[in-house]
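> Below are the sequence and a predicted model; questions follow.
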Amino acid sequence: QVQLVESGGGLVQAGDSLRLSCAASGRTFSSYAMGWFRQAPGNEREFVASIMWGDGSTYYSDSVKGRFTISRDNAKNTVYLHVNSLKPEDTAVYYCAAARSRWPARLRVDYNYWGQGTQVTVSS
């Protein structure tokens with residue numbers, strides 16, 4: 001069965017950086033888009049970034065473009081989200097997800113599998 005396991009979250013200060021990881025297992029993901037979403041308390045889950053596992057194409061929400069970078073390591077079956085210049089408004093649970101044969105896969109309904117999330121808290 002498909003498993004997506006996020007890690008790398010934590011409590012940081014404004015301006016710091018983090019690298020979030022999503023370890024994927026259970027099937028071959030070469031035709032999948034992998035995405036990161038985030039959800040702050042009281043808010044809807046919002047799209048952050050996505051990457052096509054096969055060719056590495058990327059897509060970002062306007063709110064994080066230039067500060068966040070999504071990448072993947074095929075050998076480790078892991079997708080990363082590098083988050084830089086963190087702001088208090090970036091505080092949220094960050095979720096990894098997998099979308100079968102969808103691009104740019106920026107809607108929640110595009111995704112077939114979800115991880116449990118990792119908490120990122122940014123203090124001012």
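Noted; the coordinates are in hand.

> Pick out the residue nearest the middle of this protein.
Nearest residue to the geometric centre of the chain (Cα atoms, centre = their mean): Trp36, 2.2 Å.

> Name the next helix or strand downstream of the helix or strand containing it, please.
Assigned by DSSP states H and E, Trp36 belongs to strand 32-39. Using DSSP H and E, the helix or strand that follows strand 32-39 towards the C-terminus is strand 46-52.

> Listing partners with orientation, what would you give for that next one?
Strand pairing for strand 46-52, using DSSP bridges, gives strand 32-39 (antiparallel), strand 58-60 (antiparallel).

> Okay, buried residues for the last one please.
Pointing back at strand 58-60 there. 59-60 (16 or more other Cβ atoms under 10 Å). C-betas here are computed from N, CA, C, even on glycine.

> Now do it: everything it contacts.
48-52, 68, 70, 103-106 (Cβ atoms under 8 Å, 6 or more residues apart in numbering).
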